[in-house]
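Asker: Here is my input, please return the structure:
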Amino acid sequence: MTPAASIRWLTLAITSAFLSPVLAQERIYRCGNEYTNNAVVAKSRGCKVMEGGNITIVQGTSPQAATAPRTSAAPAAPRSAPRNDSAEQRSRDSDARQILEAELRKAEDRLVQSQKAYANGQPEKEGIESRNHQRYLDRVAELKAALTRAESDVSGLRRELSRMGGVPSVSPGAAASGTQTAPESAAK
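Answerer: Numbering: from 1, shown residues only. Model (predicted):
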């Protein structure tokens, strides 16, 4: 080989070494939280070209499947930090119970008000609703959603109180109205 030929080969080798990474890089497109280097897919989904340096994507872990429920008749105790039976802990438990009972009374009052407003799905029409039936139907749907939320709030608070050791009796507000606050007996 002549010296000119060897210089050409050397120049070609060095040039190809520098150009190969540039040629290997493709455009990367971002489609929301996904990335692709397929231009056809990117164009069809309206993805944007990523500018700048390299992109590193780390695959996250998938959530574990829930463990099988216990087969015993008694419900499982909620997992929490180990209980401390000191006077301070009993005082905190008592305070927490009082707060939950106060919240339950408020939730029961909201439930009674929601039941009155919903009127078993036949509330009275207000103002323009006599001429605009869709507005009336929308309000009835909102009232039903509020009633469902109030029922779930009451049942959730009762569940929480039962975990603490017993469910309180029916509150005076609910007893005075003659309604029961259990979710099974509430109007749907």
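Asker: Model confidence for Asn33, exactly?
Answerer: At Asn33, the model reports a pLDDT of 79.
Asker: Just give me the neighbour total for Ala39.
Answerer: 13 (other CB atoms under 10 Å). For the C-beta atoms, the positions are set from N, CA and C on the backbone; glycine is no exception.
Asker: helices or strands up against the strand or helix carrying Leu137?
Answerer: Here Leu137, judged by DSSP states H and E, is contained in helix 133-163. Applying 3 or more CB pairs under 8 Å, 6 or more residues apart in numbering; DSSP states H and E, one finds that helix 133-163 contacts helix 87-118.
Asker: what's the burial count for Cys47?
Answerer: Other residues within reach of Cys47 by the criterion other CB under 10 Å amount to 19.
Asker: Am I right that it is in contact with Arg27?
Answerer: No: with contacts counted by CB atoms under 8 Å, Cys47 stays clear of Arg27, the gap being 10.1 Å.
Asker: Low-confidence regions, the protein specifically.
Answerer: 1, 16-25, 53-54, 65-85, 166-188 (pLDDT under 70).
Asker: thinking Arg139 is in contact with Pro123, fair?
Answerer: Yes: counting by CB under 8 Å, Pro123 is a contact partner of Arg139 at 7.3 Å.
Asker: Am I right that Gly60 sits in a helix?
Answerer: No: using DSSP: H, G, I helix; E, B strand; the rest coil, the assignment for Gly60 is coil, not a helix.
Asker: mind checking how far it is from Ala96?
Answerer: Applying CB to CB, to the nearest Å, the value for Gly60 to Ala96 is 36 Å.
Asker: More neighbours: which of these two?
Answerer: The neighbour comparison of Gly60 against Ala96 (other CB under 10 Å) goes to Ala96, with 13 against 6.
Asker: list the contacts for the residue nearest to that one when sequence neighbours are not counted?
Answerer: Excluding the flanking residues, the one nearest Ala96 by CB to CB, 6 or more residues apart in numbering is Met164, at 7.2 Å. Met164 makes contact with Asp93, Ala96, Arg97, Leu100, according to CB atoms under 8 Å, 6 or more residues apart in numbering.
Asker: Return a PyMOL selection command for the buried portion of the residues you listed.
Answerer: Paste this into PyMOL to select the buried members of the contacts of Met164, with burial taken from 16 or more other CB atoms under 10 Å:
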select buried, resi 97+100
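Asker: Throw the contacts of Met164 into a markdown table and include distance to Leu157, thanks.
Answerer: Output for these, formatted as a markdown table (distance: CB to CB, whole Å):
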| residue | distance to Leu157 |
| --- | --- |
| Asp93 | 16 |
| Ala96 | 12 |
| Arg97 | 11 |
| Leu100 | 6 |
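Asker: so which of the contacts of Met164 comes closest to Arg158?
Answerer: Leu100 (9.3 Å; CB to CB).
Asker: separation between that closest one and Glu108?
Answerer: In terms of CB to CB, Leu100 sits 12 Å off from Glu108.
Asker: and Val40, how far is that from Tyr29?
Answerer: 10 Å.
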